[in-house]
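Enquirer: Build me a model:
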Amino acid sequence: MDITFGTDGWRTTVEEFTTPRIRAVGQAVADYVDAEGIDAPLAVGYDPRDGSRPAAEELARVVCASGLDVLLADRDIPTPVVAWTSTDRELAGALQVTASHNPPTYNGIKFIPSDGAPALPAVTDRLADELKPPNPRPEAEWGSVREVGLLEPYFEHALSYVDADLDGLTVAHDAMHGSGRGVTDELLSRAGATVTRLRGEVDPEFGGTNPEPSAENLDSLVSEVRTGSAELGIANDGDADRIAVATPERGVVDPNWVLALLYDHLLETEPGDAVRTVSTTFLIDRIAEANGHTAHETAVGFKWVAKAMADHDALLGGEESGGYGITRHLRNKDGVLLALVLAAAHDTEPIDDRLDRIRDEHGDIVQNRRSVDCPDDRKEAVLDRLSDELPDTVAGTAIDRIGRTDGFKLLLEDGSWLLVRPSGTEPKLRVYAEGETDERVEELLSAGVALVEPLI
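Expert: Modelled structure (predicted):
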């Protein structure tokens with residue numbers, strides 16, 4: 001059966017998101033849980049897309065008919081809430097129906113093991129190998145399906161975990177019509193903030209915009225903070241595992257800088273290493289080193305970040321696409337609890353001031369990326385050819401060393417870098433660059449594109 005578990009679960013077009021495929025994933029997960037000997041219910045959640053609740057019900061039926069009890073969310077729910085519930089209630093894991101930040105023409109399924117972290121390939125490969133039509137047990141052996149509310153325990157945990165009294169703080173929250181509506185804003189409100197709600201209505205079409213909290217999609221949020229209607233802006237993607245921040249001076253803050261300010265804030269009360277992906281800024285390394293800690297680099301994909309968070313007992317982990325996690329809370333992306341953490345950080349020191357201080361203490365960085373079309377079946381060949389044709393210099397600067405954690409990362413003698421890696425979700429190669437100025441980054445990106453395009 002043609003189902004591929006990519007960087008974070010199975011994601012596909014709605015035309016390919018068929019009932020037989022949904023049922024096959026449910027059966028594979030039920031078989032995995034049975035083989036592992038886990039005697040606990042499985043949680044099933046879903047985002048607000050048109051087909052997500054029906055798909056969740058299909059999954060629940062298949063898992064139930066395999067002998068497992070199911071806790072089915074009573075509303076569309078953020079992925080991190082489902083993941084945290086899995087750990088908090090010591091469940092067998094969770095299934096979440098979502099296509100995250102993809103447009104409404106997509107849907108998908110994430111399997112989250114019992115530890116709440118993204119499933120590693122050792123798990124998803126087993127699921128892919130076991131895909132088959134449902135194989136129900138005799139009805140007398142079926143489990144139960146119980147519809148439950150998952151938010152209140154999560155709210156209680158978040159408010160006890162984050163020491164935040166936000167009385168007097170004004171926050172604008174843009175839910176982008178996703179599962180963060182009535183969740184992230186409610187959490188901030190319960191902590192004392194006055195919250196202005198944007199795009200908080202149910203809309204399976206996401207208002208005609210992909211539910212991705214990138215700068216080009218957040219004009220209204222930026223307007224709220226720049227006109228003084230709110231001191232701080234927060235946005236979530238479709239399933240609220242990612243987060244974006246807007247401030248009066250910067251508008252939408254570069255996600256690399258958000259990770260830097262999170263690390264800086266957390267280090268004020270607790271020591272610890274950081275984890276970042278190969279495409280995330282070296283600024284994290286500078287902050288870690290200045291505080292006697294280490295930044296650990298992983299391949300792209302939060303599953304690898306989560307693994308390294310455990311391996312190194314790190315304080316936090318993050319990636320340049322806006323996904324961040326705090327190890328003691330949940331080894332997974334969480335755009336809900338992180339909203340509370342960021343609001344608390346802002347209440348302690350305004351984020352614009354904090355970022356200015358970080359820049360003064362650790363230096364400036366600029367990062368950007370471009371995408372180059374490349375068929376999936378050509379990616380490996382292109383990277384093989386690139387391995388044989390790497391230059392000695394890039395944009396006039398000698399290569400100091402080459403990292404191969406994920407694709408090719410060319411670290412240059414001036415401290416800048418260029419990364420070429422295959423996308424795990426699209427038929428594209430990603431070209432990233434980091435330097436001290438916009439001009440330098442654009443120069444590096446152009447050099448990177450010129451390097452790979454002839455090889456495709």
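
Enquirer: which outside residues touch stretch 141-159?
Expert: 41, 43, 45, 60-61, 63-75, 77, 81-82, 84-85, 88, 136, 183, 186-187, 190-191, 336-337, 340 (CB atoms under 8 Å, 6 or more residues apart in numbering). All C-beta atoms are positioned from the backbone trio N, CA, C, and that covers glycine.

Enquirer: try it again with 7 Å
Expert: 60, 64-65, 67-74, 77, 81-82, 84-85, 88, 183, 187, 190-191, 337, 340 (CB atoms under 7 Å, 6 or more residues apart in numbering).

Enquirer: what about the helices in the stretch 251-400 of the chain?
Expert: Along the stretch 251-400 of the chain, counting by DSSP state H, counting those that start in this stretch, helices occupy 255-266, 283-290, 302-311, 337-348, 351-362, 376-388.

Enquirer: Mind checking those helices for the one nearest to H177?
Expert: For the helices of the stretch 251-400 of the chain, the distance to H177 is smallest for helix 337-348, at 16.8 Å, taking CB to CB.

Enquirer: what separates stretch 399-415 from the chain centre, distance-wise?
Expert: Distance of stretch 399-415 from its chain centroid, counting by CA atoms, centre = their mean, to the nearest Å, is 25 Å.

Enquirer: cool, stretch 325-338 as well?
Expert: Centre-to-centre, stretch 325-338 and its host chain are 10 Å apart (CA atoms, centre = their mean).

Enquirer: ditto for stretch 315-331
Expert: Counting by CA atoms, centre = their mean, stretch 315-331 is centred 8 Å from the centre of its parent chain.

Enquirer: and what of stretch 82-100?
Expert: With CA atoms, centre = their mean as the basis, stretch 82-100 stands 15 Å off its chain's centre.

Enquirer: what about it, start to end distance?
Expert: 14 Å (CA to CA, to the nearest Å).

Enquirer: what does the average pLDDT come to for that stretch?
Expert: The average of the pLDDT scores along stretch 82-100 is 97.

Enquirer: hmm, back to that, could I get the helices of the stretch 251-400 of the chain as TSV with mean pLDDT, mean neighbour count and distance to Q27?
Expert: Shown next, in TSV, are the helices of the stretch 251-400 of the chain (pLDDT from 0 to 100; neighbours: other CB atoms under 10 Å; distance: least, CB to CB, whole Å):
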stretch	mean pLDDT	mean neighbour count	distance to Q27
helix 255-266	98	22	37
helix 283-290	98	19	41
helix 302-311	98	22	22
helix 337-348	97	24	33
helix 351-362	98	16	46
helix 376-388	91	14	26
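
Enquirer: Show me the contacts of stretch 141-159 that map onto helices.
Expert: Among these, DSSP state H puts A60, C64, A65, V81, V82, W84, T85, D88, L187, R190, L337, L340 in helices.

Enquirer: Could you find the closest non-adjacent residue to the fifth one?
Expert: If you skip the residues right next to it in sequence, V82 has G45 as its closest partner in space, 3.8 Å away by CB to CB, 6 or more residues apart in numbering.

Enquirer: What helices and strands are in contact with the helix or strand R401 falls within?
Expert: Element membership for R401, per DSSP states H and E: strand 397-403. Secondary-structure packing of strand 397-403 (3 or more CB pairs under 7 Å, 6 or more residues apart in numbering; DSSP states H and E): strand 408-412.

Enquirer: what separates P136 from A92, distance-wise?
Expert: Using CB to CB, to the nearest Å, P136 is found at 18 Å from A92.

Enquirer: ok, those two, which is more surrounded?
Expert: Neighbours were counted for P136 and for A92 using other CB atoms under 10 Å; A92 has more, 23 against 15.

Enquirer: pretty sure the more buried one is touching A40, no?
Expert: Yes. In terms of CB atoms under 7 Å, A92 counts as a neighbour of A40; the distance is 4.5 Å.

Enquirer: and S220, which of the three is it?
Expert: Recorded secondary structure, S220: helix (DSSP: H, G, I helix; E, B strand; the rest coil).

Enquirer: Give me the neighbour count for it.
Expert: S220 has 14 nearby residues by other CB under 10 Å.

Enquirer: how about it, what does it touch?
Expert: The contact partners of S220, taken as CB under 7 Å, 6+ apart, are D174, L198.

Enquirer: Ok, L187 next?
Expert: The contact partners of L187, taken as CB under 7 Å, 6+ apart, are F155, A158, V336, A339, L340.

Enquirer: ditto for L127
Expert: By CB under 7 Å, 6+ apart, the contact set of L127 is F5, A28, V29, Y32, F111.

Enquirer: Tell me the pLDDT of it.
Expert: 94.

Enquirer: ditto for the one 4 residues further on
Expert: Per-residue pLDDT puts L131 at 95.

Enquirer: Please give the element, helix or strand, for the spatially closest residue to P248 that is not a sequence neighbour.
Expert: Once flanking residues are discounted, P248 sits nearest to V225: 5.1 Å by CB to CB, 6+ apart. Assigned by DSSP H and E, V225 belongs to helix 219-226.

Enquirer: quick check: angle from that helix to helix 351-362?
Expert: With axes from the mean of the first three to the mean of the last three CA atoms, to 10 degrees defining the directions, helix 219-226 sits at 90 degrees from helix 351-362.

Enquirer: Next secondary structure after helix 219-226?
Expert: strand 232-236.

Enquirer: Contacts for the helix or strand that that next one is followed by next, please.
Expert: The helix or strand immediately downstream of strand 232-236 is strand 243-247, counting by DSSP H and E. If you take CB under 7 Å, 6+ apart as the criterion, strand 243-247 is touched by 213, 218, 221-222, 225, 232-236, 252-253, 258, 322, 324, 335, 338-339, 342, 351-352.

Enquirer: what are the pairing partners of strand 243-247, and which direction each?
Expert: Strand pairing for strand 243-247, using DSSP bridges, gives strand 232-236 (antiparallel), strand 251-252 (antiparallel).

Enquirer: and the nearest residue to P271 once chain neighbours are set aside, what does it touch?
Expert: Nearest residue to P271, sequence neighbours excluded (CB to CB, 6+ apart): H293, at 6.7 Å. Shown in contact with H293 (CB under 7 Å, 6+ apart): P271, G272, D273, A274.

Enquirer: Let me know the closest of those to V372.
Expert: Of all the contacts of H293, A274 has the smallest distance to V372: 29.7 Å, by CB to CB.

Enquirer: hang on, the closest one packs against T298?
Expert: No. Shown here, A274 and T298 do not form a contact pair, counting by CB under 7 Å, at 11.1 Å.

Enquirer: For V171, which of the strands paired with strand 243-247 is the nearest?
Expert: strand 232-236 (5.0 Å).

Enquirer: What pLDDT does the model give the residue nearest the centre of the chain?
Expert: Centroid check for the chain by CA atoms, centre = their mean gives G323 as the closest residue, at 3.7 Å. We have a pLDDT of 97 for G323.
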